[in-house]
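In: Build me a structure from this.
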Amino acid sequence: MEGGGLICVCRDISDKKRAEAALQQRQNQLQNLAAATPGLIFSAVMHPDNSFECEYINRAVEEIYEVTAEQVLEDAAILFAQIHPEDRSGYDIAIARNVKTLDRFQHEWRIITPSGKIKWLQVNSQPERRENGDICWHGIVMDISSRKQAEAELAQAKEKAEAANRAKSEFLANMSHEIRTPMNAILGFSHLLQDLVTEAQSRFYLNAISASGKTLLALINDILDLSKIESGKLQLRYETVNLQVLINEIVYIFSQKAAEKNLAILTDIDPNLPPSIIFDEVRLRQILFNVVGNALKFTETGYVKITVKSQTIENLHSQAPAWERANLHSQAPAWERGKIPLELAIEDTGIGIAPEQQERIFDAFIQAEGQSDRKYGGTGLGLAITKRLTEMMGGTVQLQSELGKGSTFRFIFPDISCAASPGNPSPQTELDCNLNQFPPMTILVVDDVPSNRDLIQGYFAGTKHALLMAKDGIEAIHMAQKYHPYLILLDLRMPNLDGYQTAISLKNNPQTQAIPIIIVTATFEQDQQVSSLCQGFLRKPVNRYELVSQFKNLFPHESKLLSKDQIADAPSTSPSSNSETIKNLPELLEKLRQEETQWQLLRQSLITRDIRKFIQRLQDWGTQHQCSLLLEYCQTLQTALETFEIERLYKAIDEFPQIKQTLEQF
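Out: So this is what the prediction gives:
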């Protein structure tokens, strides 16, 4: 082509190139960000036909799912196929719910990878509904297998710890039972022998046995208390406490020991103390007992001093702001304001404690150096328990001590509630051990250990009460139904049928459900379920005073029915010791057997006229055969009838078989 030319069209694409470069740069940034993110980033779409498609997924899918991103982009079903069969249903339900709510989607599930690994995954994403009906999730999937493994190991460790704690509790319960059972016999029979042994050397041996038994009992109590504190099972019981009386009792308890060492026990009690405070008296007594006992143990010359202080009105006035002082001019005691800070201090002039030892002595089983020898003895539990009890009740412990010059333990309780009425006002009185102050009773004693049954029999020897003995729960239920005792003393741990099941059976039986039950056990913890089935609780070793106290709580009216002269002169009706001579006993027993039919009808009807005739017949027989037991029973019936005490009357009528059974043993 002649004269031809070239026509060129040029266009400036600088903006396009810059846009492409910027887009590439942003894409690189997103890829770098996705690569740095510890998890799988995705965008997944569910179409209206319920099919899934993956619009975006980063390379982390290769590490988690062991498949490539290209495979997932081509077919998203490859991910769903890995869901663990046990978790598939839960996953589908979660997706279906999220489609309806469009809330943030969070879920955990397991997968099985192509190599056979089981992994835990967690998703966190936000769904959105598009105009075409698609639902798209943008989010991140994390591999939480390590966390799940740690949680499983923690749960396993927790279960092991709980199992170990249960084993420890069971061991302590068993130890308590196994130790208290022989201690019940040692201390109980030692107590019974006190009235029989008069020769000086023999009494010395007997007192040594009793003292050693009490020492062992104190040791087991300390171990059990420490265990309950550490497990959080020790419960505080707040009540009205008279501090003056409590301190006097502590001084009284240790006065003999102090006199033996020529030591003085001094007290300094703040006159501004309230009449009483609201406190756990048992635990406060335990604190004072431990610390005063330690002070006497480690002091050879000088004194032990107990100081009790409360904040005075002058202290309050000096600490109050100026605007409040106008209200504090009254000279009324500080306790009238409702609460006080309380400080108790026990000071001694004993051996003292070295500075480097003063923190350690509050640890369990730890004593200051040089103190764990035979001269002083002890286990090192007392102060550990004391500190823990103080802290449980909101207090703190301070110790000041110098070697060779003595120690002072201060217990500071900053916020103690006051009570205006005095608590525990009664002074130290002689223990009441008189079982004859109660009307004649037939008592069923249930215990699998013969020595325990023998001990209770010994406590009631020479009294007017009759005892029945059962060695297990099955025998106890049979005897309770047959003789209907006035009271049951029931052990908890027994073969064949334990005390708990026995109590349930007795309370579910209309014939025996009204019989009071006192649990007598070596188990260290009073179970709430057991408490709901019984009317009293005694922990072995048991003494006669504790029996009388339980009887007074259970039969407050019966204990006042007899005068002191009647109690002193009361005849014994125990089969083992009764000296009563009954005229023509076989004839009387035959009359009582024939009366059983009438008695059964009487129990069902409770017609007053018939009850009076029943009482009259028994009175006539009691007079004719010279049977005081039968006459006393008639008097009990007559009193209940005249005073309209229906429950007591019903209970008295039910005792008729016991009277007959007691007479059969004469």
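In: Could you identify the longest strand within the chain?
Out: Ranked by residue count under DSSP state E, the longest strand found in the chain is strand 406-419.
In: counting contacts, what elements does that one pack onto?
Out: Packing partners of strand 406-419 (3 or more Cβ pairs under 8 Å, 6 or more residues apart in numbering; DSSP states H and E): strand 276-279, helix 281-297, strand 339-348, strand 396-402. Bear in mind the C-beta positions are built from the backbone N, C-alpha and C, glycine included.
In: Can you tell me the strand partners of the last one and which way each runs?
Out: Strand 396-402 has these partner strands in its sheet, going by DSSP bridges: strand 406-419 (antiparallel).
In: got it, and the third one?
Out: As defined by DSSP bridges, the strand partners of strand 339-348 come to strand 303-310 (antiparallel), strand 406-419 (antiparallel).
In: now that strand: how far from the chain's centre is it?
Out: 28 Å (Cα atoms, centre = their mean, to the nearest Å).
In: Give me the contact list for the helix or strand hosting residue 550.
Out: When elements are assigned from DSSP states H and E, residue 550 belongs to helix 544-554. Residues outside helix 544-554 that contact it (Cβ atoms under 8 Å, 6 or more residues apart in numbering): 191, 431-435, 437-438, 459, 487, 516, 518, 535-536, 538, 559.
In: how far is that helix from where the chain is centred?
Out: Its chain's C-alpha centre lies 23 Å from the corresponding centre of helix 544-554 when counted by Cα atoms, centre = their mean.
In: List the buried residues of that helix.
Out: Judged by neighbour count (16 or more other Cβ atoms under 10 Å), helix 544-554 contains these buried residues: 544, 546, 547, 548, 549, 550, 551, 554.
In: Average pLDDT for stretch 146-164, rounded please.
Out: The average pLDDT within stretch 146-164 is 88.
In: Contacts made by that stretch with the rest, please.
Out: Contacts of stretch 146-164 from elsewhere in the structure, counted by Cβ under 8 Å, 6+ apart, are residue 120.
In: Of all the residues in it, which ones are buried?
Out: residue 148.
In: could you dump that stretch to CSV, C-alpha only?
Out: Listed next in CSV are the C-alpha coordinates belonging to stretch 146-164 (Å, rounded to 0.1, in the frame of the first residue of the first chain):
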residue,chain,number,x,y,z
SER,A,146,-5.6,-28.9,73.5
ARG,A,147,-8.1,-27.0,75.7
LYS,A,148,-10.5,-29.9,75.7
GLN,A,149,-7.7,-32.2,76.7
ALA,A,150,-6.7,-29.9,79.5
GLU,A,151,-10.3,-29.7,80.7
ALA,A,152,-10.6,-33.5,80.6
GLU,A,153,-7.4,-33.8,82.6
LEU,A,154,-8.6,-31.2,85.1
ALA,A,155,-11.9,-33.0,85.5
GLN,A,156,-10.1,-36.2,86.0
ALA,A,157,-7.8,-34.6,88.5
LYS,A,158,-10.8,-33.1,90.3
GLU,A,159,-12.5,-36.5,90.4
LYS,A,160,-9.4,-38.1,91.8
ALA,A,161,-9.1,-35.3,94.4
GLU,A,162,-12.8,-35.7,95.3
ALA,A,163,-12.3,-39.5,95.5
ALA,A,164,-9.3,-39.0,97.7
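In: returning to what we had before: highest neighbour count among the contacts of helix 544-554?
Out: Scoring the contacts of helix 544-554 on neighbours with other Cβ atoms under 10 Å, the highest-scoring entry is residue 438 at 24 neighbours.
In: phi, psi of that residue?
Out: Backbone torsions of residue 438, given as degrees, to the nearest 10, read phi -100, psi 150.
In: Report pLDDT for it.
Out: Listed pLDDT for residue 438 reads 87.
In: can you give me the helices for the stretch 351-500 of the chain?
Out: 382-392, 450-460, 473-483, 499-508 (DSSP state H, counting those that start in this stretch).
In: so which of those gets nearest residue 603?
Out: Closest of these to residue 603 is helix 473-483, at 13.7 Å (criterion: Cβ to Cβ).
In: residues in contact with the closest one?
Out: The contact list for helix 473-483, computed with Cβ under 8 Å, 6+ apart, reads 442, 444, 446, 468, 470, 485, 488, 490, 494, 496-499, 501-502, 505-506, 509, 511-512, 515, 657-658, 661.
In: For ChimeraX, what selects the buried ones among those?
Out: Entered in ChimeraX, the line below selects the buried ones among the contacts of helix 473-483, by 16+ other Cβ under 10 Å:
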select :442,444,446,468,470,485,488,490,494,497,498,499,502,505,506,512,515,657,658,661
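In: Filter the contacts of helix 473-483 down to the ones in strands?
Out: Residues of the contacts of helix 473-483 located in strands (DSSP E): 442, 444, 446, 468, 470, 488, 490.
In: Tell me the bridge partners for the third one.
Out: Under the criterion DSSP bridges, residue 446 forms beta bridges with residue 470, residue 490.
In: can you redo the ones in strands among the contacts of helix 473-483 as TSV with distance to residue 236 and pLDDT?
Out: Shown next, in TSV, are those (distance: Cβ to Cβ, whole Å; pLDDT from 0 to 100):
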residue	distance to residue 236	pLDDT
442	39	89
444	35	93
446	32	93
468	39	90
470	37	91
488	31	93
490	28	92
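In: What is the nearest of the residues you listed to residue 251?
Out: Checking the ones in strands among the contacts of helix 473-483 against residue 251 by Cβ to Cβ gives residue 490 as the nearest, at 38.3 Å.
In: so how far is residue 547 from that closest one?
Out: According to Cβ to Cβ, to the nearest Å, residue 490 and residue 547 sit 14 Å apart.
In: Over to residue 302?
Out: For residue 302, the distance to residue 547 equals 42 Å [Cβ to Cβ].
In: Then residue 511?
Out: From residue 511 across to residue 547, the span is 26 Å (Cβ to Cβ).
In: and if you look at residue 129?
Out: Counting by Cβ to Cβ, the separation of residue 129 from residue 547 is 80 Å.
In: Good, wrapping up.
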